[in-house]
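Participant: Give me a 3D structure for the following:
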Amino acid sequence: QVQLVESGGGLVQTGGSLRLSCAASGRTFSRYVMGWFRQAPGKEREFVAAISWSGRSIDYAHSVKGRFTISRDNAKNTVYLQMNSLKPEDTAVYYCASGSYSLPSNRQNEYDYWGQGTQVTVSS
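Facilitator: Here you go, the predicted structure:
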């Protein structure tokens with residue numbers, strides 16, 4: 001059974017940084033695309049970033065480009081999301097997801113497994 005467990009969320013002030021981690025188990029991690037999505041209160045879940053199995057192909061949502069960095073360590077079965085210059089509008093529950101396609105995707109229906117989420121709150 002595939003499990004994705006996020007960690008690293010918390011409360012941070014505007015302009016601060018956080019690093020989210022997502023530890024995967026139950027499938028050959030290195031073969032799959034990994035993505036980060038987020039859901040703010042009262043809003044639909046939205047794409048944040050995604051990375052191919054090799055790490056060579058990466059995609060970001062326009063709203064986080066230049067501030068967030070996605071990376072992965074296949075030896076540790078872990079994907080990361082480094083978040084810098086955080087803004088109050090980044091406040092959300094952040095989810096990692098694992099997909100079977102070869103290239104990063106911003107489409108939620110292309111991801112097979114999801115974590116339980118980790119809360120990120122940015123205070124103004």
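
Participant: Shouldn't L86 be within a strand?
Facilitator: No - judged by DSSP: H, G, I helix; E, B strand; the rest coil, L86 forms no part of a strand; its state is coil.

Participant: Give me the distance between it and L18.
Facilitator: 7 Å (Cβ to Cβ, to the nearest Å). All C-beta atoms are positioned from the backbone trio N, CA, C, and that covers glycine.

Participant: tell me, what's touching those two both at once?
Facilitator: Common neighbours of L86 and L18 (criterion: Cβ atoms under 8 Å, 6 or more residues apart in numbering): 12, 120.

Participant: residue ranges with poor pLDDT in this structure?
Facilitator: Counting by pLDDT under 70, the chain has no low-confidence residues at all.

Participant: how about a cut-off of 90?
Facilitator: 1-2, 26-32, 100-103 (pLDDT under 90).

Participant: Tell me the buried residues in the strand or helix carrying M34?
Facilitator: Using DSSP states H and E, M34 maps to strand 33-39. Across strand 33-39, burial judged by 16 or more other Cβ atoms under 10 Å covers 33-38.

Participant: And the residue nearest the centre of this protein?
Facilitator: Nearest residue to the geometric centre of the chain (Cα atoms, centre = their mean): W36, 2.3 Å.

Participant: if you skip the residues just before and after it, what's nearest to that residue?
Facilitator: By the measure of Cβ to Cβ, 6 or more residues apart in numbering, the closest residue to W36 outside its immediate chain neighbours is V48, 4.2 Å from it.
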